[in-house]
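[1] for reference, the sequence and a predicted model appear below.
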Amino acid sequence: MTLMVLLLLTLALVPIAVVVHRALGRDTGFFAAVALTGIGVATLPWLSTLIDGGVFEEHLPWIPTIDVGLSLRLDGLGMVFLLLILFIGALVMAYSARYFSVKKKTSDYYLWMLMFVFAMSGMVIADDLILLFVFWEFTTLCSFFLINRSGDKAAAPAQRTLLITAAGGLGLLTAVLLIIVETGTTRMSEALSHTAWQDNTTFTSVVAVLIAFAAFTKSAQFPFHLWLPDAMVAPAPVSAYLHAAAMVKAGIYLLLRFSPVFADSTLWQVLLISCGLTTALMGALFAMQRHDIKEIMAYSTVSQLGFLVAVIGIGTPTALVAATIHVIAHALFKSALFMMVGIIEHEAHSRDIRRLNGLSKTMRVSLVVTVISSLSMAGVPPLLGFVSKEHLLAGFLSADMPAALTWTLTCMAVLAAIGTFAYCGRIVLGAFTGYTGAGAKDEFHEPIDPATPHEAPASFYLPALLPAAAGLVLGFIPFVFDGLLTRAGEDAQTGTYAAEFALWHGFNTELLLSAVIVGGGLLAVALRARLDDLIPRRILPFTGVEAVESMRLGVINFGRRVGDITRTDMHGVHLAAPGILLAGVFIAGMVVAPEVGEFDPGNTRMTDWVLIALLVCFLAGTVIAENRAAAVVLAGGAGFVVAAWYFALGAVDVGMTQLLVEILTVVVLVLVLRKLPKRFHAVTRTRRAVSIAVALAFGVMAFAATFALTGRRGQTPVAEWYLENTYEETGALNVVNSILVDFRALDTFGELTVLGVAGFAILALLNSSFATSDNEPPASRQWSGTPLDHPGDNTTAMRSVFNWMAPFIVLLSLILLLRGHYESGGGFIAALVAGGFFALRYLVAPSDTSVKLRFDYAMVIVGGIIVGAATGLAGYLEGSFLRPVVIAEGLPMPWGSDAGFSLTTALIFDVGIYLAVIGAVLVALDRLGQAQRYPAELLKAHRRAHGTSESDFSTVKVPAGYHADPGDLPFEVQADESWPGVLPENDPRGVNDR
Amino acid sequence: MSIAIAVGLLTAAAVYLFMQRGMVRIVLGFVLASHAANLMLFAAGNTAFRGVPYVGSGEVGEQADPLPQAFVLTAIVIAFSITMFMVTLAITTTTDDDTEDVEVSPARLLAADRGDTKDAGFFGLTTESGDIVVEHGEDETGEPWPEKIPGPVTPAETQEGDAR
């Protein structure tokens, strides 16, 4: 087996377990346990190589351009954690199979747990810094989902956990990026042996703080400890895994992994030792305050992790080896204890030591398991916990510091260890005897009847029994770890150190301290009643959870305040922020480059001034106009001036496009205007004054920017290149069209898609929401009965002209499309001409219903985009997407170069453009031009709200052959007199023919 | 120079229209702003060269830059489609295109018609604050939501919106 296979297997287990879960239900746990044990056993052969000092390395490229790869590396340190992850994982899985009831939904539980195993395994064998970060974050997410899925109350703790640990993740990311930049490699093994760590102390210190921050959040160190007890809402197996082998151990792993480079960093030592010891003492104190055994356990984990962090901070070889053996010992006793919590909870239906009573009589096996594990945690011989605690003490004593400081630290550690002993007693006595742990100030809880709980089945407690028994057996033979932990210790430091574990080290200082711990602990247990009265239940006026919660809400509120600035319907206010930004850029520009040179000669010509004069007239009119129609027409006039300017600038194609678009825009706007009031809304005089001032300011800025930044560098190299090479490259004469369909076809394709999206957005909006009704001014009624009231007759002349012109317009459109490569034209212009045809058809019709399109024009857009995409794919024949392919050359056509008309896929692409633009124009004309097609229900509601009763139109009969369109009004409504312009198609009367 | 003046004029007119009430004015402002942006693109291509940029239609040294022309050509069409979309927004309301009016929402109208005043859509949906006000409850901050229970929509109320 290779490392890659190991990783793949753990990953593959996730989907397999999901499938297996369909057949086995909760028993999937047994399957997963067997699978994980199998993987774990398969890794054991690596041990001999590792103990001999070898490492396994594998590499698979991932993002080669930035040198990030799936680099895996397994050394002694990684192996210790890997074994814990796999074997403790297997135990927890087996335990889960009986912990959850058959009815409980467990498929997602197994999914996330196995994902967790994968993430943790990946993390401890990752040798790429980016990969390490990815797996690190992955564990954060897995724990979030595991906590979050545990019932209604779990959401808030899960979010807090995520916030705290993800913040740490950002710290790790920053550290990782700093390391990559400084050392120039993403390989962790190379980066950690780089000389930069010694040469650049600032870098080392910054990274030390960041790594410590990341690890502290993950390993629940003060002041980030609170998420761990908070996460107690998760079920017992999740806690068992989180506390024993996963999540919190990830932080310890990170500290050990980076320990070698910070060996000389005092900052690192101070941080780790102070926070670690604070956490150890605080955790022990909090554990003494609580009554929920799970909470006591959680604080005990916090406390034990504090020990580990502090001893890693000491950083001597003895200390680091002590840390690794304590990691193992802790994993064994803590997994057993958490599983016992689950069993007690199951059998006694309570976790409160004030209620738990007399379980020692009925739950014998549980008692034994709990006692063994607790003794191991308390550091009582002959258990593995004793061996590891001895080493921890030796580690503290080995500190490379003045004797007084060493002893101070050691004494604090001893004090925390006495606390450990005391809360172990609290757990055992509280859970299994009548001891309540309640002081004078605690409220009283009715103890449960000792007869009701009974022992759990063997299949339930066996997974807990195994690690507890292992802790007992290994206590006698701790030397089995010598080889592996020597290597693990060496991986975590720069020096070498041969670990020698033994139950009996002879009479020495550590043994004396152990005796003090046991003695002190026994005393604390004996005086437990007095301690319960003495220890305050609350120390600070607020809890950590409350503090984090208020911070979280503070952030949300702050975001809301920020949002309030623009939470208004006055769009001018929304534009304030970008406006201020632009003004800032403008001022900066004025400061930096107050001098601009002379324009190129010919930049401004006489005709320009004529155009400016016209533009001023039209713009002034648009701005002043209070009548909607007037404003629309005047704005259209301004558009024509701009179009004329384009022609003056030599942009024939652009000018034509502008002209056509302007016509269509005005047509559609006029069609829409009849649904709106005649005049604009009035605004206050102050607002008008402010608007004028702001508008002038922006006008001046836009002028100054254009004035200062353009027109002084001659012809651009790009322009020259296009003008000189277009013919050779594409065979086209019209360079602008060639840029659109040959050189920058991908851009154009994107623009087609935007057109299509806009078209469909219009459709969606009109099909789903209410719209204003036609606004028929009373004045229009005065024409009733006069010849003006006969739209059919009045449009006869125009219709005749249209009938003659229509074929020519269509022909012109097709010609423009075909000749695009050689003369003015192309898909855009041709489509707009065709759009003009439809607009004209619309204008000459006596009523809007008589020109209603009976085909699905939205599909025309889709067709255009599909044609464009297909042409793009055909480009792969020549090597890349949208590359034009020549189909035929030298065709006899009226247009073309000297070599004749050549048909390329660029022309087909132009057809795609043609279709998409036509489709968008049709959507706008047809849907905005028609009388409203309301969602029927809304219409009825609207009519009722306006006082017309529904019965007025409920009796109309639908004539035979009436063809209903999905977007149409209900027929009843169409027949109603008060709704002009919505008569059935076969009705000869026009809008106002009544 | 001249084109810079045109850009300035168009921008000023556009900004002025943006700051008025009513969607149609905003749409017109948007159209004018797009003209300004397009002319600025032309200016970037240097308007000292004004020959038609076709192969063989003149000296290369006098022809205009074809690249901004291609950009502007597509920009015009895109601006057209966005204009159409904004126009659609102007008419998908219950009364008119006023952007600063607290209007009767269609959902509320519908709920009133059904006599279904307990419908969530009936409450709130005021365009002023942008949030939906429900009968009672709490938001994330733990502050209770405003106890604003609007009465059923009467024809009079709706017509008041019309009158505005």
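    On my side now, so go ahead. Numbers count the residues shown, from 1 in each chain, chains lettered A, B, ... in the order given.
[2] show me chain B divided up by domain.
    Domains of chain B are assigned by automatic domain parsing as B:2-91, B:106-163.
[3] out of those domains, name the one with the poorest average pLDDT.
    Note on the domains of chain B: domain B:106-163 shows the lowest mean pLDDT, a mean of 45.
[4] what comes up buried for the helix or strand hosting A:I809?
    Using DSSP states H and E, A:I809 maps to helix A:796-818. Residues of helix A:796-818 classed as buried: A:R799, A:F802, A:I809, A:L812, A:S813, A:I815, A:L816, A:L817, A:L818 (neighbour count, 16 or more other CB atoms under 10 Å in any protein chain shown). All C-beta atoms are positioned from the backbone trio N, CA, C, and that covers glycine.
[5] want to throw the residues you listed into a markdown table with pLDDT and distance to chain B?
    Converted to a markdown table, the buried residues of helix A:796-818 look like this (pLDDT from 0 to 100; distance: CB to the nearest CB, whole Å):
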| residue | pLDDT | distance to chain B |
| --- | --- | --- |
| A:R799 | 88 | 26 |
| A:F802 | 90 | 23 |
| A:I809 | 93 | 19 |
| A:L812 | 94 | 18 |
| A:S813 | 94 | 15 |
| A:I815 | 93 | 17 |
| A:L816 | 93 | 13 |
| A:L817 | 92 | 15 |
| A:L818 | 91 | 16 |
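[6] if we take the residues you listed, which one ends up nearest to A:A648?
    Nearest to A:A648 out of these is A:L816 (CB to CB; 21.4 Å).
[7] now do the strands in chain A.
    Secondary structure of chain A (DSSP state E): strands located at A:56-63, A:68-74, A:886-891, A:901-904.
[8] and A:G864, what does it touch?
    A:L752, A:G756, A:V911, A:G912, A:I913, A:Y914, A:L915, A:A916, A:V917, A:I918, A:G919 (CB atoms under 8 Å, 6 or more residues apart in numbering or on different chains).
[9] switch to 10 Å and redo it
    Contacts of A:G864 were listed using CB atoms under 10 Å, 6 or more residues apart in numbering or on different chains, and they are A:752-753, A:755-756, A:827, A:831, A:911-920.
[10] show me which of these is closest to A:Q159.
    Nearest to A:Q159 out of these is A:T753 (CB to CB; 37.8 Å).
[11] find the nearest non-adjacent residue to the closest one, please.
    Leaving aside its chain neighbours, A:T753 sits nearest to A:I865 (6.1 Å; criterion: CB to CB, 6 or more residues apart in numbering or on different chains).
[12] wait, what's in contact with the residue nearest to B:L28 when sequence neighbours are not counted?
    Excluding the flanking residues, the one nearest B:L28 by CB to CB, 6+ apart is A:A635, at 4.6 Å. By CB under 10 Å, 6+ apart, the contact list for A:A635 reads A:618-619, A:621-623, A:625, A:662, A:665-666, A:669, B:13, B:17, B:24-25, B:27-29, B:31-32, B:35.
[13] for the strands of chain A, which one sits closest to A:G655?
    Across the strands of chain A, A:G655 has its closest neighbour in strand A:901-904 (24.6 Å, CB to CB).
[14] can you list the strands that the closest one pairs with?
    Strand A:901-904 pairs in its sheet with strand A:886-891 (antiparallel), by DSSP bridges.
[15] so what's the residue in the stretch 251-400 of chain A positioned nearest to chain B scoring on pLDDT?
    Among all residues of the stretch 251-400 of chain A, A:E295 sits closest to chain B, at 24.6 Å; criterion: CB to the nearest CB. Note on A:E295: pLDDT of 88.
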